Each structure stands twice: as structure tokens, then as C-alpha cells.
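*Asks:* next come a sequence and a model predicted from it.
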Amino acid sequence: MAEKKKFETNIVLDSQDILLSISGTNNENIHIIENYFQSPVYLVGNQITFRTSSKDMNRKFESLMHALIGFAKTMSYIKPDYLYALFSKIEQDDGSGGENGGSDNSSGIDNSSGNNSNNDNSSSNNDNKSKNKEGGTLVQEKTKASAFKKIDWKEIPVIEISAQEEGNGKVGNKKKIMSIVPRSRGQEEAVHSLQNFELSFLVGPAGTGKTLLTTAYALSLILSKKIQHYIITRPVVEAGEHLGYLPGDLFQKILPYMRPIFDELHGLSGPAFIEALQEKGQIEIAPLAYMRGRTLKNCLVLLDEAQNTTVSQMRMFLTRLGEGAKAVVTGDLTQSDLSRANGLQEACKIFQHVKEANIVQLKESDVQRSRIAKIVIDAYNKYDQKNSANEKTSYS
């Protein structure tokens, strides 16, 4: 019985700092990488070694390391979120060949295959070392280069939340608070839309990060002083239940409906920081009905749960936009609590060919809330498809 071929990738990094950035706190990132590839990763000195019996996994690891070295040059700690974003890009490019195939091995990675009788060049590997521009030393070998497209880490859209440091009346350098990295292809498209379009529609299942990404982007704009306000609104529609009259002032009455928004805000920056922005009037939360008659300027305004807007409400909302305003409309067409046509559905048809607007359709594969949330959504979709097929059969 022929012995199974084994593949090995080695990379020697220029500094311990790059290794620490890639490996993460207590080697957290290494454990995540091992779990993803189902193969061990070894750290010896400044060298990272990966061994697997799968040629495809070896190539994917090369693509991953190529991107991680790029990240490590710009940040002292690579968050696990960056890894998940890179995993998503690797899956997109799986087997696609890519532009960077052929003999190029500029990633700084040594592709070695063990137990390979055709590998006559292994003894000369150490004589073919070259400096890698990305921060590693390449051990060249005349074997097939990766068929996977090299990932350019700069292409991944990242939301940087940072603020100017102030002291003695002077404005200092930017202090980074946190970075939000898209963890799927759909989330990547959503971030690109937020950053490049005046009007974005983010449509898809619950748990795909529509509200989180928008809120993070709004905070980044406020803290960098590119906008003055983040205005959040949603229709006040009960999910099939009548709660009666709620006690308190306007804010207390709408708080139960806006709780998901506060959860996202507090999760990003903490309650005290968000309350301070609210006191300054930089974050405003209001029911959709209170938008009528207003002109919204120099702000980002989010219409959340837009599947519960009527056609006339959507029209009213979109005509509120003034100079310097950006609008984001989010919703899930499968969770409308209206018994009639909703404004989100019609707006997506109206604006699909308007160049200033962009519609991002998120899918089940973009769900990041939890594993069980993804399973639930997938089960409902399969059930709906089955019922839809049965109805077509019964009417034919």
C-alpha cells in the first residue's frame, strides 16, 4: 500500500513581533487556524510550520499566511475576526486558479512535500533563500506554485473606530478604539456599500450583521468628525401581539422597540460612552413617525426593520435626506409583521438601477449570530421551499 503523500509549508518571519501579531494572545489565532484546517501548526523560534496530507489545504494555508503577514505589518495584534474574514475569502477563491498562479511564490512561503520521490530539489532548498517583502524569508523550491489566488489583505474593507486624542487644548494622534472586520462575503459587500454609496439597502436574514456593521460605521464617522449625527429609526410595529399603552415619556415608550439598537451600541463602545454621545445629541433614536417634516443633514440615518414599513412610510423616510446625509435601510423580507405590501420590497425594485443606491442581498451563509441561528434559518428556508414546491404542484 502506497504511503500517503504529505505536504509541508514553512515560513521564517523577520521578527518576533510579526509572529506574536499572527499567533494572537496565548496562541489564540493558531488554535483557530488549526481548527479550521484540522491540521497542526508548529511554532519554533520565528518559524511557522504547517503539515497536512491535503494539497488543497496546504495551498489554502499559503494564501492565509500571505495575507496575515500583510496584516501583521500594520497592527500589533490580529483579532480573530480578521481570520474569519480571510477564511471566507479563501473559500471564495477555492480552486479558482486566480491571477497569481504559475511560478510566483512571492508570499514568503516554502511549499515542501514530503514522501515525494519526484522531489529532486529538496537538497538545494537552503541555497535558494530570498528575502520576502512582506516580512518573511522564502525557501524556494521548484514545485507547483499555489493554484489559489493570493489574498490581498488591503482589499478587505475594515471599519476603523478611532478618535482624536486631546490634551492641553491640542488635538493629537488618532487613538484606535476597535476595528470591525467583515466575516463573510456578504458582510464584505455590505461594508463596501456603506463606505461608497449614499443610499444602501442591506437585506437578508436575522444575524447577518446588518445593524452591527451600520452602527460601527456610523460611530467611525462621528468620531472622525465626518458626520455630526447618527440617527436611528424603526417602525413601531408589534410582532403579532398587542402590548397596550406603555408607561413613561417618549423615550421610555419606544425603548422596548429600540433595545436591539442599544445592545449593538453598548457592545461596540460601552454604555457610558454611548450615553455621552446621546447627551451631546450625536446619537438620536426616534420612531419612524417622528421623521415626517424633518430635513436630515450631515448625518448617517438608519432605518432598521424596514420590512415593517408601509410603502408611504418608506417614501416619506427617503425624502427626508438633506445635504451631507447618508441613509442605510436594513430589513428581512421574511419577517414582515404587515398584512400588506411593505415599503422595503417596493424600494428595492425602485432603486435597483439607481447609481447612487446599492442593494446588498445577504444570505444564510452570512449569518454570524451563532451556529444555532444559522441552523434555524436554514431549516425554515428549506421548509418554505418545500411548501412552495408543493403549492405549485397542487395548482398545476
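*Replies:* Alright, I've got the coordinates. Every value quoted in this text rests on a predicted model; they were computed, and no experiment measured them.

*Asks:* helices of the chain, residue ranges please.
*Replies:* Per DSSP state H, the chain carries helices over the ranges 16-23, 28-37, 55-72, 80-92, 185-196, 210-223, 250-269, 271-279, 311-318, 343-351, 371-395.

*Asks:* so for residue 324, which of the ones you listed sits nearest?
*Replies:* Of all these, helix 210-223 sits nearest to residue 324, with 10.7 Å by Cβ to Cβ. Yep, even glycine has a C-beta here, placed from its N, CA and C like the rest.

*Asks:* now that closest one - C-alpha only, CSV.
*Replies:* Listed next in CSV are the C-alpha coordinates belonging to helix 210-223 (Å, rounded to 0.1, in the frame of the first residue of the first chain):
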residue,chain,number,x,y,z
LYS,A,210,-26.8,44.4,9.1
THR,A,211,-27.4,46.7,12.1
LEU,A,212,-24.0,46.0,13.7
LEU,A,213,-22.0,47.0,10.6
THR,A,214,-24.1,50.1,10.1
THR,A,215,-23.7,51.2,13.7
ALA,A,216,-20.0,50.6,13.7
TYR,A,217,-19.6,52.6,10.5
ALA,A,218,-21.7,55.4,11.9
LEU,A,219,-19.5,55.6,15.1
SER,A,220,-16.4,55.7,12.9
LEU,A,221,-17.8,58.6,11.0
ILE,A,222,-18.9,60.5,14.2
LEU,A,223,-15.5,60.1,15.9
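
*Asks:* now for it, which elements pack on it?
*Replies:* Packing partners of helix 210-223 (3 or more Cβ pairs under 8 Å, 6 or more residues apart in numbering; DSSP states H and E): strand 159-167, strand 170-180, helix 185-196, strand 199-203, strand 229-234, helix 250-269, strand 299-303, strand 326-331.

*Asks:* what's the average pLDDT for the third one?
*Replies:* In this case it means helix 185-196. When pLDDT is averaged over helix 185-196, the result is 91.

*Asks:* just to revisit the earlier point, can you flag the weakest of the helices and strands packed on helix 210-223 by average pLDDT?
*Replies:* Note on these: lowest mean pLDDT is at strand 170-180, with a mean of 61.

*Asks:* quick one: contacts for the closest residue to residue 311 other than its chain neighbours?
*Replies:* Using Cβ to Cβ, 6 or more residues apart in numbering and skipping the chain neighbours, the partner closest in space to residue 311 is residue 343 (4.9 Å). Counting by Cβ atoms under 8 Å, 6 or more residues apart in numbering, residue 343 touches 306, 309, 310, 311, 312, 313, 314, 315.

*Asks:* let's go with 7 Å and repeat that
*Replies:* Each residue near residue 343 by Cβ atoms under 7 Å, 6 or more residues apart in numbering is listed here: 306, 309, 310, 311, 313, 314.

*Asks:* what does residue 72 give?
*Replies:* Applying Cβ under 7 Å, 6+ apart to residue 72 gives the contacts 18, 21, 22, 78, 135.

*Asks:* where does the prediction get shaky in the chain?
*Replies:* Within the chain, the segments meeting pLDDT under 70 span 1-5, 92-156, 163-178, 237-257, 389-396.

*Asks:* tell me the domain ranges of it?
*Replies:* The chain breaks down into these structural domains: 6-155, 159-371 (assignment by automatic domain parsing).

*Asks:* returning to what we had before: show me the one of the helices and strands packed on helix 210-223 that comes nearest residue 12.
*Replies:* strand 170-180 (27.7 Å).

*Asks:* kindly provide the distance from residue 74 to residue 187.
*Replies:* Distance of residue 74 to residue 187, computed by Cβ to Cβ, to the nearest Å: 21 Å.

*Asks:* the two - which one has more neighbours?
*Replies:* Higher neighbour count among residue 74 and residue 187: residue 187, with 27 against 10, using other Cβ atoms under 10 Å.

*Asks:* pretty sure that one sits against residue 210.
*Replies:* No - with contacts counted by Cβ atoms under 7 Å, residue 187 stays clear of residue 210, the gap being 9.1 Å.

*Asks:* quick one on the thing from earlier: turn the domains of the chain into a markdown table, columns for distance to residue 380.
*Replies:* A markdown table is the format used below for the domains of the chain (distance: least, Cβ to Cβ, whole Å):
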| stretch | distance to residue 380 |
| --- | --- |
| domain 6-155 | 23 |
| domain 159-371 | 8 |
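
*Asks:* nearest to residue 387, of those domains?
*Replies:* That would be domain 159-371 among those, by Cβ to Cβ, at 12.9 Å.

*Asks:* first-to-last residue distance for the closest one?
*Replies:* Its first and final residues considered, domain 159-371 spans 24 Å by Cα to Cα, to the nearest Å.

*Asks:* coming back round to it: adding neighbour count and distance to residue 10, write the contacts of residue 72 out as TSV.
*Replies:* Output for those, formatted as TSV (neighbours: other Cβ atoms under 10 Å; distance: Cβ to Cβ, whole Å):
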residue	neighbour count	distance to residue 10
18	22	15
21	22	19
22	25	14
78	23	20
135	21	15
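
*Asks:* just name the closest of those to residue 325, please.
*Replies:* Taking Cβ to Cβ as the measure, residue 325 sits nearest to residue 78 out of the contacts of residue 72, at 34.9 Å.

*Asks:* hang on, the earlier thing: quick check on the contacts of residue 343: which are buried?
*Replies:* 306, 309, 310, 313, 314 (16 or more other Cβ atoms under 10 Å).

*Asks:* confirm for me that the first one is in contact with residue 333.
*Replies:* To tie it back to what came earlier, the one meant is residue 306. No - taking contacts as Cβ under 7 Å, residue 306 lies outside contact range of residue 333: 9.4 Å.
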